[in-house]
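# here are the coordinates; sequence isn't available:
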């Protein structure tokens, strides 16, 4: 009874063979994360990014070699515990003061973007008869901040690991396609640098995608693009609490079960506050240290995504993934068009 209540790492510490399995599993996820990092340096793949490349390798490994059962506990640790740690550290990237002081006008548009993206994706999922959980995750990722939003919401709605991995993979791939498309359209659109930056910031999927698309607009265009995107990241927290309330009511009505509170969101909020008002203000922090933390966050998130990717069996999910992809693609196109006319 006691062992069944232990976390994987606690159980591993009491059994040398389990300890070896645990550490080997974690090492394995970081190894594939490193391969993803190297692949992202290759021309063509450099536009996709380290995260998506690592997921591609992890999914490919699963299809050719199967799931590495002997190191399951370490892989599970990466996909769950490291994932939550990465989300907590991600809070340092959100400057609350900047959003509240300079981005309130953009924030109202960001709210509209999130509502539209989620509800349109859900509606299209019904029309296309697509998987509900994957479609919901893609709607959240499209509206808020890509992979970070998906992995934050997934445990709240009790999404399967393979659904989370599919959502992250799709959002990373399609977000890259859209970001490159924006840079191609930039010279022919009748938008100045600020307008173009606003368009990219309120409509593209991830912070990295906004940075990629906003760069051709110069420093001012990129700055306004990132500010608009920060507003959407800021709204991730209230959105998560809305989902918690919905899921709590749903499960109470259906089964009487309670929803486990996602305490990692508290860590996200605390680090957002510290990063916005303490670090660099009351407590001096060097830029090099912050860059190091951001790099660590990327690696933790990549290793976690590897763990999720190893749970994806394309044979089992290919039929479930295509229709949510179609729903998300249509939503993204409509979002880009609408955002163009409201900037």
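Yep, it's here. Because the structure is a prediction, the values reported are computed rather than measured.
# which regions of the stretch 201-343 of the chain lie under the pLDDT threshold?
In the predicted model, the stretch 201-343 of the chain carries pLDDT under 70 at residues 251-262, 280, 316-317.
# can you pull out the helices in it?
Assigned by DSSP state H, counting those that start in this stretch, the stretch 201-343 of the chain shows helices spanning 207-214, 218-234, 236-254, 264-277, 287-309, 314-342.
# what angle separates the shortest one from helix 218-234?
Direction vectors for helix 207-214 and helix 218-234, defined by axes from the mean of the first three to the mean of the last three Cα atoms, to 10 degrees, enclose an angle of 150 degrees.
# tell me which other helices or strands helix 207-214 touches.
When contacts are defined as 3 or more Cβ pairs under 8 Å, 6 or more residues apart in numbering; DSSP states H and E, helix 207-214 sits against helix 161-185, helix 193-203, helix 218-234. The C-beta positions use only the backbone N, C-alpha and C, and glycine is treated the same way.
# for it, which outside residues touch it?
Here helix 207-214 makes contact (Cβ atoms under 8 Å, 6 or more residues apart in numbering) with 47, 49, 93, 145-146, 175-176, 178-180, 182-183, 186, 196-197, 200-201, 204, 221-222, 225-226, 228-229, 233.
# just the buried members of those?
49, 93, 145-146, 175-176, 178-179, 182-183, 186, 196-197, 200-201, 204, 221-222, 225-226, 228-229, 233 (16 or more other Cβ atoms under 10 Å).
# now residue 315: closest residue in space that isn't a chain neighbour?
Of all residues not flanking residue 315 in the chain, residue 63 sits nearest, at 7.7 Å (Cβ to Cβ, 6 or more residues apart in numbering).
# looking at it, that neighbour is touching residue 313, isn't it?
Yes. Using Cβ atoms under 8 Å, residue 63 is in contact with residue 313, at 7.4 Å.
# more neighbours, those two?
Counting neighbours by other Cβ atoms under 10 Å for residue 63 and for residue 313 shows that residue 313 has the greater number, 14 against 11.
# number of residues surrounding the closest residue to residue 327 other than its chain neighbours?
Of all residues not flanking residue 327 in the chain, residue 124 sits nearest, at 3.8 Å (Cβ to Cβ, 6+ apart). Around residue 124 there are 21 other residues, counting by other Cβ under 10 Å.
# any idea of the mean pLDDT for the helix or strand where residue 124 lies?
Assigned by DSSP states H and E, residue 124 belongs to helix 104-128. For helix 104-128, mean pLDDT is 92.
# quick check: angle from that helix to helix 218-234?
60 degrees.
# can you pull the buried residues of helix 104-128?
Applying 16+ other Cβ under 10 Å to helix 104-128 flags 106-107, 109-111, 113-114, 116-118, 120-122, 124-125, 128 as buried.
# before we move on, back to that, quick one: closest of the helices of the stretch 201-343 of the chain to residue 85.
Residue 85 lies closest, by Cβ to Cβ, to one member of these: helix 287-309, at 5.6 Å.
# check which helices and strands the closest one sits against.
For helix 287-309, the packing partners by 3+ Cβ pairs under 8 Å, 6+ apart come out as helix 16-39, helix 50-65, helix 72-77, helix 83-90, helix 147-153, helix 161-185.
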